[in-house]
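[1] Structure for the following, please:
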Amino acid sequence: MSRKYESIEELRRKKKLLQGEINDLENLLTFKNTKESLSAFTNGLSDQYLQEQVDEDGDEKVVIRKDVIAKQLTSEVKDLLISKNTAVGIASTALGGNVTDGLIKLGVTALVGNYAKKNMKSSNWKKKLLGAAMIYLAPIALKYVRKKLEEYQKNKSVSSMEQLI
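    Reported below is the predicted structural model:
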C-alpha cells in the first residue's frame, strides 16, 4: 500500500496537489459557483437551462433560461400536432419525452440543490449531515426512480399499442 518516494520534495508536491483537489471538491459541494455545482450533479443536463447573470449589486446569480424551455416546448407541441397519426405520435412522445423529461430533471435538481444548500449553510450539525447525504444519495435515488418510471412508461405504451392493434 505504501509507495517509496525519492525525496521529501516529491511528497510535498503530491500533498499540495491533493490539497488542491480537496479544495476544488469543497468549492463544488458548498455551491460557491451554483451553475458548476448543478452541472456536476446533473452531468451537464442543466447547462442549457441555466445562465449566470450579474445583478445591480454586482453579485452573480443563476437564472433559468425561459427562452430555451419555451423553444423546446413549442417544437415538441408542433411536432406532435404535425404528426399524421396522432396515436403513434403520442406513443413516440411518451417513449421519448425529451421536453417533459428535461423539465422534470431540472425541477428536481433545483429542489434538491436548494434544500441541500440551505442545510449545508445551517449551524446545526444534523442539518449539515442531512445536506451532505442529500448531495450524495439524491442522485442515486433519482436514478432508481427514473429507471422504474421508464419501465412503467414503456409497459404502459406497449399495452396501449396492443389495444390499438
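[2] Longest helix in the protein, please.
    Of all segments of type helix in the chain, defined using DSSP state H, the longest is helix 125-164.
[3] Show me which residues of that helix are buried.
    Under the neighbour-count criterion of 16 or more other CB atoms under 10 Å, helix 125-164 has 130-131, 134-135, 138, 142, 157 buried. For the C-beta atoms, the positions are set from N, CA and C on the backbone; glycine is no exception.
[4] what's the next secondary structure element after the helix or strand of the chain with the lowest mean pLDDT?
    Of all the helices and strands that make up the chain, helix 86-96 has the lowest average by mean pLDDT, DSSP states H and E, namely a mean of 51. Next helix or strand after helix 86-96 toward the C-terminus (DSSP states H and E): helix 98-120.
[5] Let me see the mean pLDDT of that next one.
    Taken as a whole, helix 98-120 has a mean pLDDT of 76.
[6] how about that helix as CSV, C-alpha atoms only?
    The C-alpha trace of helix 98-120 is given here as CSV (Å, rounded to 0.1, in the frame of the first residue of the first chain):
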residue,chain,number,x,y,z
ASN,A,98,-37.5,14.9,-24.2
VAL,A,99,-39.1,18.1,-23.0
THR,A,100,-41.0,16.9,-20.0
ASP,A,101,-38.1,14.7,-19.0
GLY,A,102,-35.7,17.6,-19.1
LEU,A,103,-38.1,19.9,-17.2
ILE,A,104,-38.7,17.3,-14.5
LYS,A,105,-35.0,16.7,-14.2
LEU,A,106,-34.3,20.4,-13.9
GLY,A,107,-37.1,20.9,-11.4
VAL,A,108,-36.0,18.0,-9.1
THR,A,109,-32.4,19.1,-9.4
ALA,A,110,-33.3,22.7,-8.4
LEU,A,111,-35.4,21.5,-5.4
VAL,A,112,-32.8,19.0,-4.1
GLY,A,113,-29.9,21.5,-4.7
ASN,A,114,-31.7,24.4,-2.9
TYR,A,115,-32.6,22.1,0.0
ALA,A,116,-29.1,20.7,0.3
LYS,A,117,-27.6,24.2,0.0
LYS,A,118,-29.9,25.5,2.8
ASN,A,119,-29.0,22.6,5.0
MET,A,120,-25.3,22.9,4.4
